[in-house]
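K.L.:
pasted the sequence and its predicted model underneath.
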Amino acid sequence: MTKRRRTLLQRLGERILLFLVPFFAYGLFQFVRLTMRSEEINTEVLKPFCKKNDEEPVIIAYWHGRLLVTPFLTLKRRVTTLVSRHRDGELISRAGRFFPIEFIRGSTTRGGPQALRELVKAIQRGSHVAITPDGPRGPRHLVQSGVIMLALRTGRPIVPVTFNVSKKKVFKSWDRFLFPYPFCRAVVVWGEPIWVGPGKGRAGIEDKRKTLEIGLNRITTQADHYFDQ
């Protein structure tokens, strides 16, 4: 087989993969959701942003390995989230089009400034924004400063959130990606909002970055031990 023919077959295989996998992933996840019992903890932190029939936009932060928390969130407004420009980001965005989620392609390393501008516009339109502050390639559970800069530019709070389930598959990827099994119990845990006020220098931004990192790790530990009882 010639090199050109191998290349064409590889491209065809990738196109088939990009077409089929999102349908399969959506169907599987919907089956899991329908057979799952879930609850949310500490939802009172959202009350200051909830009006009678609406919500003020917030920046939702969760670890990359807990990406699947987004469809579980009981929010009234649409959620805009950032996914990488890599093939896994393309798969996520195609599968996510079945949910009320809008995707912006980019990361802190590729297309970062443009992605930040698009996220600012999304918040200005009234959308919640969801970010994995340790994505797209890690280090795991280490907050990068992009989410802090977004909060600084928009004046909106960062609200940490995470989830865990009683039965799951934890992949051996850098982020220890968590996928729930059918007929499991799920818990979503919200953390305290973090405001980033104007006039923050490097020390102030670093302080907020550490605060978010500590908060996310705290609620993740809480969720991870929830089913030990």
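P.N.:
In hand now; what should we look at? Residues are numbered from 1 along each chain as shown.

K.L.:
chain center to the longest strand belonging to the chain: distance?
P.N.:
The residue-count maximum for a strand in the chain (DSSP state E) belongs to strand 158-165. In terms of CA atoms, centre = their mean, to the nearest Å, the centre of strand 158-165 is found 9 Å from the chain centre.

K.L.:
and the next helix or strand past the lowest-mean-pLDDT helix or strand in the chain?
P.N.:
Least confident helix or strand of the chain, by mean pLDDT, DSSP states H and E, is helix 87-96 with a mean of 58. As assigned by DSSP states H and E, the chain's next helix or strand after helix 87-96 is strand 101-105.

K.L.:
quick one: the strands in this protein?
P.N.:
Counting by DSSP E, the strands of the chain are 37-41, 59-61, 79-83, 101-105, 128-131, 158-165, 168-170, 178-180, 185-190.

K.L.:
make CSV from these and add distance to Lys121 to it.
P.N.:
In this view, the C-beta of every residue, glycine as well, is placed from N, C-alpha and C. What follows is the strands of the chain, written out as CSV (distance: least, CB to CB, whole Å):
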stretch, distance to Lys121
strand 37-41, 29
strand 59-61, 14
strand 79-83, 9
strand 101-105, 9
strand 128-131, 10
strand 158-165, 18
strand 168-170, 35
strand 178-180, 31
strand 185-190, 26
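
K.L.:
could you dump those to a markdown table with distance to Leu116, mean pLDDT and mean neighbour count?
P.N.:
Output for those, formatted as a markdown table (distance: least, CB to CB, whole Å; pLDDT from 0 to 100; neighbours: other CB atoms under 10 Å):
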| stretch | distance to Leu116 | mean pLDDT | mean neighbour count |
| --- | --- | --- | --- |
| strand 37-41 | 29 | 93 | 13 |
| strand 59-61 | 12 | 96 | 25 |
| strand 79-83 | 9 | 84 | 23 |
| strand 101-105 | 9 | 80 | 18 |
| strand 128-131 | 10 | 94 | 24 |
| strand 158-165 | 14 | 97 | 25 |
| strand 168-170 | 31 | 95 | 13 |
| strand 178-180 | 27 | 94 | 20 |
| strand 185-190 | 24 | 96 | 20 |
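
K.L.:
just so I know, which of those strands lies nearest Lys51?
P.N.:
Lys51 lies closest to strand 128-131 among the strands of the chain, at 14.0 Å (CB to CB).

K.L.:
wait, Arg153 sits on Gln124?
P.N.:
No. The criterion here is CB atoms under 8 Å, and Arg153 misses it with Gln124 at 10.2 Å.

K.L.:
got the phi and psi for Gly138?
P.N.:
The phi/psi pair for Gly138 (degrees, to the nearest 10) reads phi 90, psi -170.

K.L.:
what's the neighbour count on it?
P.N.:
Neighbourhood size, Gly138 [other CB atoms under 10 Å]: 14.
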